[in-house]
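Visitor: Just need the structure, nothing else, for what follows:
(one chain, ligands or ions: 2)
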Amino acid sequence: MYDRRGARVDGCMTNSSTPPEPAGGDAIDFLIGQHDMIRDLLAEVSESAGPVRQLAFERLVRLLAVHETAEEQLVHPLAQVSVDGSDDLLAQRLAEEREAKETLAELERMGPDAPEFEALFEQFRGKVLAHVHLEEVDEFTALRASVPAQQLRALVAMLKIAEAVAPTHPHPGVESAVANYVAGPVLSLFDRTTDFARKALVSQGSARVGGEER
Ligand SMILES: [Fe+2]
Ligand SMILES: [Fe+2]
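Guide: Numbering: from 1, shown residues only. Ligands and ions are numbered 1, 2, ... in the order given. Okay, the predicted model is just below:
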């Protein structure tokens, strides 16, 4: 099965902690591509049974765990320092992520064959769908408007690294409160990555330094 950007969403997450990579140009494309995979897997778990449901659920757990970790480590802190007045929205997204991890851990403990799985999963599905929708319409839209295009492209590499080393099972309670975000390390890493990307572009003779693109 493929998502609407052409990325494989089946048969490619069994031996790796890194989820399949959506096609796309910048960090927002990357994250929205993963949201599409999350939506597909939520539907697949709902509509299947037995071993098919088990496999879809395992993929969903892994994808959600690494995706939310990368958002908490990189995307929300970037939104906090780049988007004026974002604290309240980010606090709501963090609270939703914590609740989702708690429920996901509970679903994982009971397993897809448990009689009570179905009802809890449907509640969980609705909340996750609302969460990813709000991220897209609020936070991601604001990031696109506030962060230079070159930096959003450079962020893809950082997201991939964060997801490659992220825990592949939910660990509720490790989210940073918005007020506790330490933006310095994130931004310095961001600067280094952007600088590296700029040098790479210069060496290819195609750099557009000076902020022409957003
Ligand atoms: Fe999230
Ligand atoms: Fe997300």
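Visitor: only C-alpha atoms for contact and neighbour calcs from this point on.
Guide: Noted.
Visitor: For Ala114, give me phi and psi.
Guide: Geometry field for Ala114 lists phi and psi as phi -70, psi 140, criterion degrees, to the nearest 10.
Visitor: buried residues in stretch 32-45?
Guide: By 16 or more other C-alpha atoms under 10 Å, the buried positions in stretch 32-45 come out as 32-42, 44-45.
Visitor: swap that for stretch 130-137, please
Guide: Buried residues in stretch 130-137, defined by neighbour count with 16+ other C-alpha under 10 Å: 131-132, 134-136.
Visitor: Need those residues in CSV (columns: secondary structure, pLDDT and distance to Pro115).
Guide: Formatted as CSV, the entries for these read as follows, by DSSP: H, G, I helix; E, B strand; the rest coil; pLDDT from 0 to 100; distance: C-alpha to C-alpha, whole Å:
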residue, secondary structure, pLDDT, distance to Pro115
His131, helix, 97, 26
Val132, helix, 98, 27
Leu134, helix, 97, 31
Glu135, helix, 97, 32
Glu136, helix, 98, 33
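Visitor: Let me know the closest of these to Leu64.
Guide: Val132 (10.9 Å; C-alpha to C-alpha).
Visitor: can you pull the contacts of that closest one?
Guide: With contact taken as C-alpha atoms under 8 Å, 6 or more residues apart in numbering, Val132 is in contact with His35.
Visitor: do the one 3 residues further on as well
Guide: By C-alpha under 8 Å, 6+ apart, the contact list for Glu135 reads Arg93.
Visitor: Max pairwise distance over the buried residues of stretch 32-45: which two?
Guide: Spanning the widest gap among those are Ile32 and Val45, at 19.9 Å by C-alpha to C-alpha.
Visitor: ok, the buried residues of stretch 130-137 vs Ala79, which is closest?
Guide: Distances from Ala79 to the buried residues of stretch 130-137, taken by C-alpha to C-alpha, are shortest for Glu135, at 10.9 Å.
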